[in-house]
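1. A structural model of the following input is requested.
(one chain, ligands or ions: 1)
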Amino acid sequence: MEQRPLGGTTLDTSVVGLGAGQIGEADVTEAEAGALLNAALDLGVTLVDTALGYGTSEERIGRHLGRRRHEFVLSSKGGSGVPGYEDWSSASVRAGLEQTLRRTRSERVDVYLLHSCPLEVLQRGDLQETLDDAAAQGLIGVAGYSGDNDALAYAASSGRFAAVECSVNVVDRWNLHHVVGREPELGVIAKRPIANAPWRFPERPTGHYAELYWERLQALDLDPGDLGGADLDWPELALRFTAYAPGVHTAIVGTAKPDHLRRAVEAASRGPLPPEVLAELDAAWDRVGRDWPSST
Ligand SMILES: NC(=O)c1ccc[n+]([C@@H]2O[C@H](COP(=O)([O-])OP(=O)(O)OC[C@H]3O[C@@H](n4cnc5c(N)ncnc54)[C@H](OP(=O)(O)O)[C@@H]3O)[C@@H](O)[C@H]2O)c1
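-> This next block holds a predicted model:
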């Protein structure tokens, strides 16, 4: 699979990465998690994204990929939710990082992101020293920020982070239009790249994570098979849009199913969407989506 440098860092990542949120969920068995993680590396995926807060995801990465640790870039996140520590304190960032290192059986987290911390925390700037110390000790490769909208814009232009993770997809473009690509050296990991696959739901998925994107997809009112005469389906169209969006380096598909990941890798191998398809997506966005913020 195509590999790209993650912005100005020395890390190379595959155009499709794995979002390992789903494998931390209780309804995914240990055997399924192991099969998915190993299948990902076998498919040529070289970035695995997890977080302290993703259930058993970090432990499962450690258990199933500990021996293949040299084959992928590990991205994880923390800063809050560490029992016994005040959220967004230096001690909480450090304790969370140490937990991630233990759980993932890693000597280093290649990309360590502050996980959706509020703008005010970023503006304080006092977590920088903790991240710098961890980098100087070799515990993290590069420091980054994971979040959206104004906080993302602040983080991206602050010069403090080498990478960011943010929502980018066919129904979520604020980050893409306002932040991504503005700082050429900034590595960009696109989360929610297929918009949580809202086309799965014939009816509004009330209360489901995908509900907002389902609503937006209805509003765009597009038939992927008709766009630009290219005869695509939604999974392929959505993935190719994000993976080749200017400024995006890797698109992390969240899945617990090897077949879904394989389809994403195959879709990416077909390259950027044809210009006629992009033009129709742009026109629909301009009609109804221009004021939509990114989903956090
Ligand atoms: N704040 C943050 O930092 C943050 C927030 C959100 C996400 N993330 C990261 O980004 C990753 C990806 O985001 P995401 O999982 O929210 O969104 P996503 O990748 O756009 O969508 C994932 C959803 O789509 C389904 N899916 C995948 N391929 C499919 C296919 N071919 N056909 C039908 N359904 C398909 C998956 O279910 P199946 O398991 O059935 O495939 C899953 O429910 C996460 O795993 C996480 O690593 C970070």
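
2. which stretches of the stretch 1-150 of the chain form strands?
-> 3-5, 12-14, 16-19, 47-49, 73-78, 109-115, 140-146 (DSSP state E, counting those that start in this stretch).

3. tell me if the fourth one is near the ligand.
-> Yes: part of strand 47-49 sits near the ligand under the criterion C-beta under 6 Å from any ligand atom, namely D49. Yep, even glycine has a C-beta here, placed from its N, CA and C like the rest.

4. any residues touching that strand, and which ones?
-> Applying C-beta atoms under 8 Å, 6 or more residues apart in numbering, the contact partners of strand 47-49 are 6, 13-14, 17-21, 37, 40, 61, 65, 72-76, 165, 189, 191, 250, 252.

5. on that earlier part again, want to throw the strands of the stretch 1-150 of the chain into JSON lines with mean neighbour count?
-> Formatted as JSON lines, the strands of the stretch 1-150 of the chain follow (neighbours: other C-beta atoms under 10 Å):
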{"stretch": "strand 3-5", "mean neighbour count": "14"}
{"stretch": "strand 12-14", "mean neighbour count": "23"}
{"stretch": "strand 16-19", "mean neighbour count": "29"}
{"stretch": "strand 47-49", "mean neighbour count": "27"}
{"stretch": "strand 73-78", "mean neighbour count": "28"}
{"stretch": "strand 109-115", "mean neighbour count": "26"}
{"stretch": "strand 140-146", "mean neighbour count": "25"}
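
6. related to what we said a few turns ago, and the ligand, which of the contacts of strand 47-49 contact it?
-> Counting by C-beta under 6 Å from any ligand atom, the members of the contacts of strand 47-49 near the ligand are 19-21, 165, 191, 252.

7. which residue lies farthest from the center of this structure?
-> Distance from the centre of the chain peaks at G229, with 29.9 Å (C-alpha atoms, centre = their mean).

8. tell me how far the residue lying closest to it once chain neighbours are set aside lies from the ligand.
-> Excluding the flanking residues, the one nearest G229 by C-beta to C-beta, 6 or more residues apart in numbering is E276, at 6.8 Å. Distance from E276 to the ligand, counting by C-beta to the nearest ligand atom, to the nearest Å: 24 Å.
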